[in-house]
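Participant: Sequence and computational prediction follow.
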Amino acid sequence: MDLLLVPSIWPCESTWRNRTQHGERSKLGQYAPAFMFSFQRGTDQKIVTNEPEGILWRADTGYGPGAEGTNRINATLLSLVRNEEVEGIVQAMQDLERTWNHKFNYPWTFFNDVPFTEEFKRRTQAETKAQCNYGRTPVPTFVSNTADICAAELIPKEHWEVPSWIDDELFNESSEILKENEIQYANLKSYHQMCRWNSGLFYKHPALKDTQFYWRVEPKVHFFCDVDYDVFRYMADHNKTYGFTINLYDAPASIPTLWPETVKFLAAHPEYLHENNAMPWLVDQDRRPEHNMKANGYSTCHFWSNFEIADMTFWRSQAYEDYFNHLDRAGGFFYERWGDAPVHSIALGLFEDASKVHWYVSLSKPHILQLMSGVNRFRDIGYQHIPYFNCPNSPKCKGCMTGRFTDGESWLMKEDCRPNWFKYVGMG
Ligand code: GDP
Ligand code: MN
């Protein structure tokens, strides 16, 4: 094989062979920047790929459902969802199964604060050959009728209920202020409970006791691109803690004291601040100074967490445990509307190592950008959660306009904070 150009992002030789055998060609190649494709001398065959570098595990063997799945690692697709969202989650499952999971058969785990209906279980299980777990607590050994147990699947009350130190009256007053500031879902208590659970509790559910990685999936999201390698293996093999697709600014009025509380926590626990942290990214005040000002020192730039592929080891660490408990006691999950997205992002930016880097390529400039250690931007996973997209430039993607960020109002464009990430954590 005579490769004129083999960029470092090229995954592995066997991939090349597989592709060329199947005669895959791309018209996009001629428009794609050089870093995105390889081509063979003497032919015009060009192959566009956004796959990450390194050895990638293909679904050739060891990924059949059940016991056949010897190559699968300890991971699950994970969804907190309501019974009445069954249509939406079925649609999201169809997208993810079609583009990825029918090849790898990772189990699904569903969580709910009320028991799942039989209809929910039937309809979701019908979308996958993989195993479905419905967040049930471990089966006591004396129980033989598992059908009964299925009906008892729940998030433990102590993980979902509003904590005892939250004052109801203060919650109501605060939600009025949030409403005045046009904070969505301000007075919906369950939304606050959901954000808190996603921040610091989901990974403590007994059903996840032996699970390390998860891929979070929400109802109605879309996946557009065929992904042909084991994404969880990629995370594990490359020592990644967290994978994201979209970076956004948050509404400062939803988190006015999140950063001040974080600063307090850091003062009490300077030992948790990683020496190679991403603090400059967190405190940027150049691009949207008013956001930083209203959020009292935090740029509000965060990984949009309705998509996340992550290693729960990080959430289970002492640093994160202490940080979450500090925030939980401070009350902002209820008196403000702290989202799990900024909470996760701040923790990653402070307590995660930024020295072991993963290299990616800028969309606008053909030079190589550096991403924070342990954090990976999946540029090959086409994704939409209303109203934002991640639309890679790849023939593997269908139904996603390349480069599109939003199909909503044009002002939404300014909510994109990827340039921030590249500026501080990359080399842009
Ligand atoms: P948004 O994306 O911020 O607009 O919020 P969503 O309404 O999509 O909620 C985020 C996720 O949490 C979705 O997967 C919802 O299905 C789930 N969710 C939100 N509130 C509840 C709730 O009260 N109970 C359950 N079981 N799931 C919830
Ligand atoms: Mn959502």
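Facilitator: Nice, I can see it. Residues are numbered from 1 along each chain as shown. Ligands and ions are numbered 1, 2, ... in the order given.
Participant: what's the distance between the residue in the stretch 51-200 of the chain that ligand 1 sits nearest to and Asn325?
Facilitator: Relative to ligand 1, the nearest point of the stretch 51-200 of the chain is Ser190 (3.5 Å; C-beta to the nearest ligand atom). In short, each C-beta sits where N, CA and C put it, glycine included. Plainly put, Ser190 is 22 Å away from Asn325 if you go by C-beta to C-beta, to the nearest Å.
Participant: Next: Asn276.
Facilitator: For Asn276, the distance to Asn325 - C-beta to C-beta - is 25 Å.
Participant: contacting residues around whatever residue of the stretch 301-428 of the chain ends up closest to ligand 1?
Facilitator: Here the residue of the stretch 301-428 of the chain nearest ligand 1 is Asn306; by C-beta to the nearest ligand atom that distance is 5.3 Å. For Asn306, the contacting residues are 216, 218, 221, 341, 385, by C-beta atoms under 8 Å, 6 or more residues apart in numbering.
Participant: Could you tell me which of those residues are located in strands?
Facilitator: Within these, residues falling in strands by DSSP state E are 216, 385.
Participant: from the contacts of Asn306, which is closest to Arg316?
Facilitator: Arg216 (16.1 Å; C-beta to C-beta).
Participant: contacting residues around the closest residue to the closest one other than its chain neighbours?
Facilitator: Setting aside the residues directly before and after it, Arg216 is nearest to Glu308 in space (C-beta to C-beta, 6 or more residues apart in numbering), at 4.8 Å. Shown in contact with Glu308 (C-beta under 8 Å, 6+ apart): 214-216, 242-244, 344.
Participant: So stretch 112-125, near ligand 1 or not?
Facilitator: Yes - on the criterion C-beta under 6 Å from any ligand atom, stretch 112-125 is in touch with ligand 1 at 112-113.
Participant: For that stretch, what does the pLDDT average out to?
Facilitator: Across stretch 112-125, pLDDT averages out at 93.
Participant: Endpoint to endpoint, it covers what distance?
Facilitator: 16 Å (C-alpha to C-alpha, to the nearest Å).
Participant: same question, stretch 200-212
Facilitator: For stretch 200-212, the separation between the terminal residues is 15 Å (C-alpha to C-alpha).
Participant: list the buried ones in stretch 256-269?
Facilitator: Buried residues in stretch 256-269, counted by 16 or more other C-beta atoms under 10 Å: 256-262, 265-266, 269.
Participant: you'd agree Arg123 is up against Val86?
Facilitator: Yes - assessed by C-beta atoms under 8 Å, Arg123 is found in contact with Val86 at 5.6 Å.
Participant: Neighbour count: the two, which is higher?
Facilitator: Val86 (19 against 15; other C-beta atoms under 10 Å).
Participant: Doesn't that one lie inside a strand?
Facilitator: No - going by DSSP: H, G, I helix; E, B strand; the rest coil, the assignment for Val86 is helix, not a strand.
Participant: can you pull the contacts of it?
Facilitator: Contacts of Val86 by C-beta under 8 Å, 6+ apart are 117, 119-120, 123-124.
Participant: which residues does Asn376 bridge with?
Facilitator: On the basis of DSSP bridges, Asn376 is bridged to Gly243.
Participant: ok, it - how many residues close by?
Facilitator: For Asn376, the neighbour count with other C-beta under 10 Å is 21.
Participant: Now do the same contact list for it.
Facilitator: Residues near Asn376 by C-beta under 8 Å, 6+ apart: 52, 235, 238, 240, 242-244, 358.
Participant: what pLDDT, on average, does the lengthiest strand in the chain get?
Facilitator: Determined from DSSP E, the single longest strand within the chain is strand 75-80. Regarding strand 75-80, the rounded mean pLDDT is 95.
Participant: what's it packed up against?
Facilitator: The elements that strand 75-80 packs onto, with contact taken as 3 or more C-beta pairs under 8 Å, 6 or more residues apart in numbering; DSSP states H and E, are helix 86-96, strand 108-111, helix 189-200, strand 213-216.
Participant: Taking helix 189-200 as reference, get the angle to it.
Facilitator: Computed by axes from the mean of the first three to the mean of the last three C-alpha atoms, to 10 degrees, the angle separating strand 75-80 from helix 189-200 equals 160 degrees.
Participant: Give the buried residues for the helix or strand that contains Glu176.
Facilitator: Using DSSP states H and E, Glu176 maps to helix 168-180. Across helix 168-180, burial judged by 16+ other C-beta under 10 Å covers 171, 174-175, 178.
Participant: For ligand 1, tell me which of the residues you listed show up nearby.
Facilitator: Within the buried residues of helix 168-180, nothing lies near ligand 1 by C-beta under 6 Å from any ligand atom.
Participant: Format those as CSV; extra columns: pLDDT.
Facilitator: Converted to CSV, the buried residues of helix 168-180 look like this (pLDDT from 0 to 100):
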residue, pLDDT
Phe171, 98
Ser174, 98
Ser175, 97
Leu178, 97
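Participant: Which residues of the stretch 201-350 of the chain lie near ligand 1?
Facilitator: By C-beta under 6 Å from any ligand atom, the residues of the stretch 201-350 of the chain that approach ligand 1 are 218-219, 306.
Participant: Quick check, central residue of the chain?
Facilitator: Central residue of the chain (C-alpha atoms, centre = their mean): Glu308, 1.0 Å from the mean position.
Participant: Angles on the backbone of that one, please.
Facilitator: phi -160, psi 140 (degrees, to the nearest 10).
Participant: per-residue confidence at it?
Facilitator: 94.
Participant: cool, Asp286 as well?
Facilitator: So, for Asp286, pLDDT stands at 95.
Participant: Quick check: the two most widely separated of the buried residues of stretch 256-269?
Facilitator: Based on C-beta to C-beta, the longest span within those runs between Pro256 and His269 and measures 21.9 Å.
Participant: deepest of the helices and strands packed on strand 75-80, which one?
Facilitator: Of the helices and strands packed on strand 75-80, the one with the most neighbours on average (mean count of other C-beta atoms under 10 Å) is strand 108-111, at a mean of 23.
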